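A.B. asks: A predicted structure for the sequence below; I have some questions about it.
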Amino acid sequence: MAGRFEVHQDNEKFYKFRLKDGDGNVVAESPRYKSLSGVVAGINAMRENAATGLVVDLRQPQHQS
């Protein structure tokens, strides 16, 4: 099953989305948006950037003895 975006509105009327995988695990959670159009733009940006994003390893190199 494909993942899905879930849009929520909190008690302060801000919107957020969660990206869940096919098993229902939360993969990503957005910041809060003031408007529904803002959260939709955030979802579209997530879709676009995730498809073309690079994986960058920021770990410190391990020293070998």
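C.D. replies: It's in. Residues are numbered from 1 along each chain as shown.
A.B. asks: give me the element Ala45 is part of.
C.D. replies: Counting by DSSP states H and E, the element that carries Ala45 is helix 36-52.
A.B. asks: What is that helix packed up against?
C.D. replies: If contacts are counted by 3 or more Cβ pairs under 8 Å, 6 or more residues apart in numbering; DSSP states H and E, helix 36-52 sits against strand 4-9, strand 15-20. No exception for glycine: its C-beta is placed from N, CA and C like everyone else's.
A.B. asks: what packs against whichever helix or strand comes after the last one?
C.D. replies: Stepping forward along the backbone from strand 15-20, the first helix or strand reached (DSSP H and E) is strand 26-29. Contact here means 3+ Cβ pairs under 8 Å, 6+ apart; on that basis strand 26-29 packs against strand 15-20.
A.B. asks: Pull out the buried residues from the strand it packs on.
C.D. replies: Across strand 15-20, burial judged by 16 or more other Cβ atoms under 10 Å covers Tyr15, Lys16, Phe17, Leu19, Lys20.
A.B. asks: Tell me how far that strand lies from the chain's centre.
C.D. replies: 7 Å (Cα atoms, centre = their mean, to the nearest Å).
A.B. asks: and what of stretch 56-65?
C.D. replies: Relative to its chain's centre, stretch 56-65 lies at 26 Å (Cα atoms, centre = their mean).
A.B. asks: Tell me where the chain is predicted with low confidence.
C.D. replies: Scanning the chain for pLDDT under 70 picks out the ranges 65.
A.B. asks: Could you find the residue nearest the spatial middle of this protein?
C.D. replies: Per Cα atoms, centre = their mean, the C-alpha nearest to the average position across the chain is that of Ala28, at 3.6 Å.
A.B. asks: for the buried residues of strand 15-20, which one is nearest Leu54?
C.D. replies: Leu19 (18.6 Å; Cβ to Cβ).
A.B. asks: so who does the closest residue in space to that closest one that isn't next to it in sequence touch?
C.D. replies: For Leu19, ignoring the flanking residues on the chain, the nearest one in space by Cβ to Cβ, 6 or more residues apart in numbering is Ala28 at 4.3 Å. Shown in contact with Ala28 (Cβ atoms under 8 Å, 6 or more residues apart in numbering): Arg18, Leu19, Met46.
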